[in-house]
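> could you look at this predicted model? Sequence included:
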Amino acid sequence: MKSLLDALRSGKTLVSDGAWGTMLYEKGLKAGECPELWNATNPDKVREVAAAYIEAGSDMIETNSFGGNRLKLAQYNLADRAFELNEAAARISREAAGEDRFVLGSIGPTGKFLMMGDVTEQELYDSFKEQALAFEKGGADAVVVETFYAIDEAETAIKAIKENTDFEVACTFTFEPQQDGSFKTMTGVSPEDMVRATLAAGADVVGTNCGNGFEKMVEIIASIRAAAGDTPILVHANAGMPQAEGDRVVYPETPEFVAKVVPKMVEAGANVVGGCCGTTPAHVKALKAALGR
Ligand SMILES: [Zn+2]
């Protein structure tokens, strides 16, 4: 297990990967199919995605496990395979990454709300703990808790990882622009509130992902930096708002565009930059070149 914090202490801006879902759909994943099941049924295709990001120059790649918590997998009657599918996700990314690059186990939200009584805190804790233990067995280096919007669920995820493994944890929330010009999650959490709560829960790295395209992330990064002190910031931006073009979904932000924006993201305080929905290995290459690496 390598330390992401050690690597960040050099002051170098690290480059993460881009979208996984977008790439898996291109490889034949059907709408309504469980992406994480592919870790068992199509491991070669999952490995191709991981390898494409390594080849593009990513210093770290994630795992195909964003929806891999047992509460989500239950929608496909796959809850009992949660450990196996998360372990496979980590192993596949590890094989592609080799020993020098980082593998970050990806944990997304469960889609259940504690405050609505959809789920108990213990159920959330157990499902995140299961993913973290599976990542450990599969050989990951750290965990990224991402696309979260509710503080209570994120706190539970961070604690479940920290109390049961030695992983460093990055936690990123998805914010939406508000009428007054500020940014909040769909449950009303500001970047400042997110930083305070997730650092208190034990996060090592904080940040934001998805929802806004690259350019709007600059403002969000600045808000996070103002609240986060010296804590490293990780950003996975999407390639703009998806647009329907015939029966295809296209993302407007090109590799050339993101290459122009990334220096502003770094200036605002980002320490790790990568892509979310709609980004590809070409975006990663452009980010890396724009950073002079
Ligand atoms: Zn995304």
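Thanks, I have the structure now.
> could you pull out the strands for the chain?
Counting by DSSP state E, the chain has strands at residues 14-15, 60-62, 102-107, 142-148, 168-173, 176-177, 183-184, 205-209, 233-237, 243-245, 248-250, 272-275.
> count the residues that sit near the residue of the stretch 101-250 of the chain found nearest the ion.
In the stretch 101-250 of the chain, the residue that lies nearest the ion is residue 210 (3.2 Å; C-beta to the ion). Placement of C-beta: from N, CA and C, glycine included. Around residue 210 there are 20 other residues, counting by other C-beta atoms under 10 Å.
> ok, residue 153 next?
As a burial measure, residue 153 scores 23 neighbours (other C-beta under 10 Å).
> just residue 161 next, same as before
Number of residues near residue 161 (other C-beta under 10 Å) recorded here: 29.
> tell me if I'm right that it and residue 171 touch.
No: taking contacts as C-beta atoms under 8 Å, residue 161 lies outside contact range of residue 171: 9.6 Å.
> between these two, which contacts overlap?
With C-beta atoms under 8 Å, 6 or more residues apart in numbering applied, the overlap between the contact sets of residue 161 and residue 171 consists of residue 145.
> quick one, what contacts the residue nearest to residue 197 when sequence neighbours are not counted?
Beyond its immediate neighbours in the sequence, the residue positioned closest to residue 197 (C-beta to C-beta, 6 or more residues apart in numbering) is residue 151, lying 4.6 Å away. Contacts for residue 151 were tallied using C-beta under 8 Å, 6+ apart; they are 189, 193-194, 197-198.
> got the strands of the chain as JSON lines, with distance to residue 40, mean pLDDT and mean neighbour count columns?
Supplementary listing: these in JSON lines, determined by distance: least, C-beta to C-beta, whole Å; pLDDT from 0 to 100; neighbours: other C-beta atoms under 10 Å:
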{"stretch": "strand 14-15", "distance to residue 40": "29", "mean pLDDT": "98", "mean neighbour count": "24"}
{"stretch": "strand 60-62", "distance to residue 40": "18", "mean pLDDT": "98", "mean neighbour count": "28"}
{"stretch": "strand 102-107", "distance to residue 40": "17", "mean pLDDT": "98", "mean neighbour count": "29"}
{"stretch": "strand 142-148", "distance to residue 40": "21", "mean pLDDT": "98", "mean neighbour count": "27"}
{"stretch": "strand 168-173", "distance to residue 40": "26", "mean pLDDT": "98", "mean neighbour count": "28"}
{"stretch": "strand 176-177", "distance to residue 40": "35", "mean pLDDT": "96", "mean neighbour count": "13"}
{"stretch": "strand 183-184", "distance to residue 40": "38", "mean pLDDT": "98", "mean neighbour count": "20"}
{"stretch": "strand 205-209", "distance to residue 40": "26", "mean pLDDT": "98", "mean neighbour count": "27"}
{"stretch": "strand 233-237", "distance to residue 40": "25", "mean pLDDT": "98", "mean neighbour count": "28"}
{"stretch": "strand 243-245", "distance to residue 40": "32", "mean pLDDT": "91", "mean neighbour count": "9"}
{"stretch": "strand 248-250", "distance to residue 40": "26", "mean pLDDT": "87", "mean neighbour count": "11"}
{"stretch": "strand 272-275", "distance to residue 40": "26", "mean pLDDT": "98", "mean neighbour count": "28"}
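> pick the one among the contacts of residue 151 closest to residue 286.
residue 194 (28.1 Å; C-beta to C-beta).
> for burial, what's the neighbour tally of the closest one?
A count of neighbours around residue 194, defined by other C-beta under 10 Å, yields 29.
> cool, residue 1 as well?
When neighbours are counted by other C-beta under 10 Å, residue 1 registers 14.
> so for residue 1, what's the pLDDT?
In this prediction, residue 1 carries a pLDDT score of 89.
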